[in-house]
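K.L.:
Predicted model and sequence follow; I will ask about them next.
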There are 2 protein chains.
Amino acid sequence: MKIAIAQINTKVGDLQGNASKIKKFIEKAAKLNADLVVFPELTLTGYPPKDLLNNKDFATANLNELEKIAHFAGKTACVIGHIDFNPSLKGKALFNSAALIHKGKILAKRHKSLLPTYNSFDEAGYFEPFIKNIPLEFKKQKISLTICEDIIQDGPFPRHQIYKNNPVSNLTKNRPDIIINISASSYSNKKNAERIKILTKLAKKTGSHIVYCNLVGGNDELIFDGNSLVLNPKGKIVSKATAFKEDLILCDLKKTEEIKTQEQISKEEESIQALTLGTKDFFHKQGFKKAVLGMSGGIDSALVGALAVRALGKENVHAVMMPSKYTSKQSTNDAKELCKNLGITSQVISINAIHKAYSDNIFTEKKEGVVDTAEQNIQARIRGNILMALANKNNWFVLATGNKSESAVGYCTLYGDSAGALAPIGDILKTDVYKIAEYLNKDGILIPQSIIDKAPSAELKPNQKDQDDLPSYELLDKIITAYIEEGITPQNIVNAGIGDKKTVFSIIKKIESNEFKRKQFPITFKMSKKSLGCSRNMPIVKDMSFSLKTK
Amino acid sequence: MKIAIAQINTKVGDLQGNASKIKKFIEKAAKLNADLVVFPELTLTGYPPKDLLNNKDFATANLNELEKIAHFAGKTACVIGHIDFNPSLKGKALFNSAALIHKGKILAKRHKSLLPTYNSFDEAGYFEPFIKNIPLEFKKQKISLTICEDIIQDGPFPRHQIYKNNPVSNLTKNRPDIIINISASSYSNKKNAERIKILTKLAKKTGSHIVYCNLVGGNDELIFDGNSLVLNPKGKIVSKATAFKEDLILCDLKKTEEIKTQEQISKEEESIQALTLGTKDFFHKQGFKKAVLGMSGGIDSALVGALAVRALGKENVHAVMMPSKYTSKQSTNDAKELCKNLGITSQVISINAIHKAYSDNIFTEKKEGVVDTAEQNIQARIRGNILMALANKNNWFVLATGNKSESAVGYCTLYGDSAGALAPIGDILKTDVYKIAEYLNKDGILIPQSIIDKAPSAELKPNQKDQDDLPSYELLDKIITAYIEEGITPQNIVNAGIGDKKTVFSIIKKIESNEFKRKQFPITFKMSKKSLGCSRNMPIVKDMSFSLKTK
């Protein structure tokens, strides 16, 4: 059997647009003489549809589109992800489903059994799980049609299996010829390697061909990386789609040679591709073209600027330098050089006059020589206002330039440097910001070396350096990773020798007490196993002394 | 049997603080010779604990506190809500549990079966459901120990039962003498009446006494109203705790006379009590005392100011008037009179000089006489900055003054009037803002009549009125209620004659396209069936034409 994988980029809610794209790819697959073409999870609705699922028109309209596709499809069969009504009067109203369509007819439907409800996923809130997924027959092949999570039960969970049911044991019993899995598995670093492990194990266990179609594209916080695959029953990869791009691949299942998967791409390269796709889709799926950002001469804005150019084109990125009396000459020069290297337009708006107007009107009892938090914040907020004003005037989106290390400990100003429609690098640790910047420079200087070399500073008071208030970023990032991403308790972080108790506890107290700021942050792409945005849901008003008691 | 209900106000995460309070109330109940005292759902952890449940220390520490309470408790037994480990290696790691403690021992534990995962609830993400809840015996009484949602299966769901299991059918079969239900059922308008209906039906169906203990207090977006109850087997209320306050009530189950429940309090009175409690707990549970808000002379800031005085005391509320060249004399006078009536301190900071500084520096190509959105927004953002600066200087919280009608259609400025730690009336429709303000005036003028009477205006350009850009608030609020709270589709809102198609569709388009603003709003109390904050989870990047097509 010749199976095609249509790794397409869908838009949430856009039933008609997604349906048009599906038809286009069915035609392409038909031209390649595919027997069957497989689309990603919830192809019609886009992923994640969230509360659109509560709209009573939505499921009906999506089933209408599915019918139209059935009428359209000819001898090349297709597997389409969609939502379906639960016919029972008990349980949630909807299923997360996959339909097999052939020659004008919907031959079969299967529904998802394991509904991820952790991290950024919330499927148990909308869908009823469907337990008994029996194989179907198509062209004399026994096929199991599965959806995303349903095949990862045997994955590497920390404590135990998080689901009571294990659809994989059924697959092992049934030993179908082909297991099709339609998926919306979002990107995070190392996730692709994990997926390959799971799929390899499954193929070996069941003796089945595995056809794995994953979504591609950015939707709000989530970036889907594609990386669709076909594995033979020995668990070898025999076909592979590109990462971070739409793709159509065709695989004759008779073919058994293992393909050379391209050498492991670096974490930096992968991050750049993910962020570029996420940013592009965030803008273009909303009909926006142009971004504006504050260019301080620091490393964060430099990286965001460089990524924006990749995502939107240099003609669609505008930088604003907003120096104050605390801005060094070096910073201004670095920012200018960077804009030149990037080929983007820029302008300079000094914030001194505005800053003075605030000071004269509100800080009337000012002590000479002291620049406290309030006075530092006002400078960041003036800059936020200027960017928002330019964006409002010109119909641009503001890019916030904060990174994960700052966001974690609240080393940033709400409504100031955190202002924007999107915070592209909000889930990138500062140490990784440097690595990505250096990687971007591998074919010649894009980001001036002095931006990379100088000590990081917010430049909100004289001679300020980040490390006056924070431990080294190497240490800070280790603590953040251990606590947020690995879920290690504060005391165990100390026990593991990552940092001394005073430092570790004070950083984690900062992390927890700054939840109120992050609550009001812009969309931040999930790039790690656990971002501070969509994949963490911490109370704001809370007491943490059970975990942070110092004696 | 004499049963006490300890309707206490817990703090999320504060295991030791909550345990101390539990002990205090056990002592009080023992003094009243209660046989048993019942505490609300998740007494030890507070509700909702959210991602604290992922902290590996948390369950262990909560079980330690439970043991200590067991050692402490004497002849008065108690029912405590807590989290427990799921001993199975399959399924989520935790249960949402209730323990019966007597004379130093934990006699029994029961676990929640129905895990709400809709609206603001997310329990399926953390807990494993436990199906077989068998009754226990205590002092020769057959008692079913249930948790919140487990008794509401027969409630008024729109389409069908949202759960597959129905614990109520077991209760009906078992016919226990007493059904104890420990609950964390959050406030929304009319919810208490719904609860009484459910409990009455349950009592009649099972022939059991119902002891219903509900949580009281504010935790982030949720306000718990208490209103705990005891019903006799005929479904009559025989004992009742206060609303919106901690309470301890004692009920001898032999007693059968129905009590007169106080006459239905008005929606306005209930809203005021809820908002006052929510605001107070938001501040005090975080160790904050003082609030600052911008006082425009409009109705929204007037109401927020009045509520803040009730919640925090007049000595803890500070108002800032920030007039511009577009501010009417009337507004300034009204604001001053209001501050006098409220007895709060205030100051005036004109934004003209700061506004001019922005205009000179960024709006260099300004057309005379035109005040576009960017120029309007900058004024609101200057005010946001001033408030944040004062809050930063003095360790205050800023109260944002926006209402639900504005927030729904985005008639507000991000980082401007939406800036703050808390938006108390963010789930109150504009028409209700007026009603509550008038209700506050019932014993004499608190909010000057001219604030109530004048046409609402943002005063960001000459002669601006809200109704230049929006339909009447009466119509707008009807559309918002139908779409957001009732979940009626746009076309059906038109069909119901609420508004013409053009108006309805344009309002709903505004609602959906302003999700990006609400994503960055401060904590907003859930006051209605569906708030725009915690109980709605809409994609930002999306297409809605399936629902809003105009032909």
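P.N.:
That came through, no problem.
K.L.:
drop to CA atoms for contacts and neighbour counts, all remaining ones
P.N.:
OK.
K.L.:
What about the closest residue to residue A:247 other than its chain neighbours, how many residues nearby?
P.N.:
Of all residues not flanking residue A:247 in the chain, residue A:7 sits nearest, at 5.1 Å (C-alpha to C-alpha, 6 or more residues apart in numbering or on different chains). Number of residues near residue A:7 (other C-alpha atoms under 10 Å in any protein chain shown) recorded here: 33.
K.L.:
show me what contacts residue A:7?
P.N.:
With contact taken as C-alpha atoms under 8 Å, 6 or more residues apart in numbering or on different chains, residue A:7 is in contact with A:39, A:40, A:213, A:214, A:215, A:216, A:226, A:228, A:241, A:246, A:247, A:248.
K.L.:
Am I right that the last one sits in a strand?
P.N.:
Yes - per DSSP: H, G, I helix; E, B strand; the rest coil, residue A:248 lies within a strand segment.
K.L.:
Tell me how many other residues crowd the closest residue to it other than its chain neighbours.
P.N.:
Spatially, and ignoring its direct neighbours in sequence, residue A:248 is nearest to residue A:6 (4.7 Å; C-alpha to C-alpha, 6+ apart). Residues within reach of residue A:6, counting by other C-alpha under 10 Å, total 29.
K.L.:
Can you give the contact residues for stretch A:460-478?
P.N.:
By C-alpha under 8 Å, 6+ apart, stretch A:460-478 touches A:326-327, A:371, A:376-377, A:379-380, A:405, A:429-431, A:455-459, A:498-499, A:503, A:507.
K.L.:
before we move on, back to that, out of the contacts of residue A:7, list just those in strands.
P.N.:
Applying DSSP state E to the contacts of residue A:7, the entries found in strands are A:213, A:214, A:216, A:247, A:248.
K.L.:
if we can go back for a sec, could you pull up phi and psi at the residue nearest to residue A:247?
P.N.:
Main-chain torsions, residue A:7, degrees, to the nearest 10: phi -90, psi 90.
K.L.:
just the one 10 residues further on next, same as before
P.N.:
The main-chain torsion angles of residue A:17 are listed as degrees, to the nearest 10 and equal phi -60, psi -40.
K.L.:
Return the distance of it relative to residue A:9.
P.N.:
11 Å (C-alpha to C-alpha, to the nearest Å).
K.L.:
Repeat that for residue A:37.
P.N.:
15 Å.
K.L.:
just to revisit the earlier point, which helix or which strand is home to the residue nearest to residue A:248?
P.N.:
If you go by DSSP states H and E, residue A:6 is part of strand A:2-7.
K.L.:
Quick check: neighbours of that strand in the sheet, parallel or antiparallel?
P.N.:
Note on strand A:2-7: by DSSP bridges, its sheet partners are strand A:36-38 (parallel), strand A:247-252 (antiparallel).
K.L.:
and those, which is most packed in?
P.N.:
Scoring the strands paired with strand A:2-7 by mean neighbour count under mean count of other C-alpha atoms under 10 Å in any protein chain shown gives strand A:36-38 as the most buried, with a mean of 27.
K.L.:
next structured bit after it?
P.N.:
Beyond strand A:36-38 on the C-terminal side, the first helix or strand identified by DSSP H and E is helix A:56-72.
K.L.:
ok, that following helix near chain B or not?
P.N.:
Yes - for a cut-off given as C-alpha under 8 Å from any C-alpha of the partner chain, helix A:56-72 has contacts with chain B, namely A:56, A:57, A:58, A:61.
K.L.:
Let me see the mean pLDDT of that helix.
P.N.:
The pLDDT scores in helix A:56-72 average 95.
K.L.:
how about that helix: buried residues?
P.N.:
Neighbour-count burial for helix A:56-72 flags A:57, A:58, A:59, A:61, A:62, A:63, A:65, A:66, A:67, A:69, A:70, A:72 (criterion: 16 or more other C-alpha atoms under 10 Å in any protein chain shown).
K.L.:
Check which helices and strands it is in contact with.
P.N.:
When contacts are defined as 3 or more C-alpha pairs under 8 Å, 6 or more residues apart in numbering or on different chains; DSSP states H and E, helix A:56-72 sits against helix A:15-31, strand A:77-85, strand A:105-111, helix B:545-548.
K.L.:
Contacts only, for residue A:73.
P.N.:
Contacts of residue A:73 (C-alpha under 8 Å, 6+ apart): A:23, A:26, A:101, A:102, A:103, A:104.
K.L.:
Smallest gap between the stretch 1-150 of chain A and chain B, at which residue?
P.N.:
At 4.3 Å from chain B, residue A:91 is the closest residue in the stretch 1-150 of chain A, using C-alpha to the nearest C-alpha.
K.L.:
you'd agree that residue is up against residue A:128?
P.N.:
Yes - assessed by C-alpha atoms under 8 Å, residue A:91 is found in contact with residue A:128 at 5.9 Å.
K.L.:
who does the helix or strand where residue A:194 lies touch, helix- and strand-wise?
P.N.:
Assigned by DSSP H and E, residue A:194 falls within helix A:191-206. Judged by 3+ C-alpha pairs under 8 Å, 6+ apart, helix A:191-206 is in contact with helix A:167-174, strand A:209-214, strand A:229-231.
K.L.:
Identify the residues contacting that helix?
P.N.:
Against helix A:191-206 from outside (C-alpha under 8 Å, 6+ apart): A:151-152, A:154-155, A:168, A:171-176, A:209-210, A:227, A:231-236.
K.L.:
Check stretch A:371-380 too.
P.N.:
A:351, A:355, A:413, A:415-417, A:460-461, B:385, B:388-390, B:392-393.
K.L.:
Could you turn the buried ones of these into a PyMOL selection?
P.N.:
Remark: buried members of the contacts of stretch A:371-380, expressed as a PyMOL selection using 16+ other C-alpha under 10 Å:
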select buried, (chain A and resi 351+355+413+415+416+417+460+461) or (chain B and resi 385+388+389+390+392)
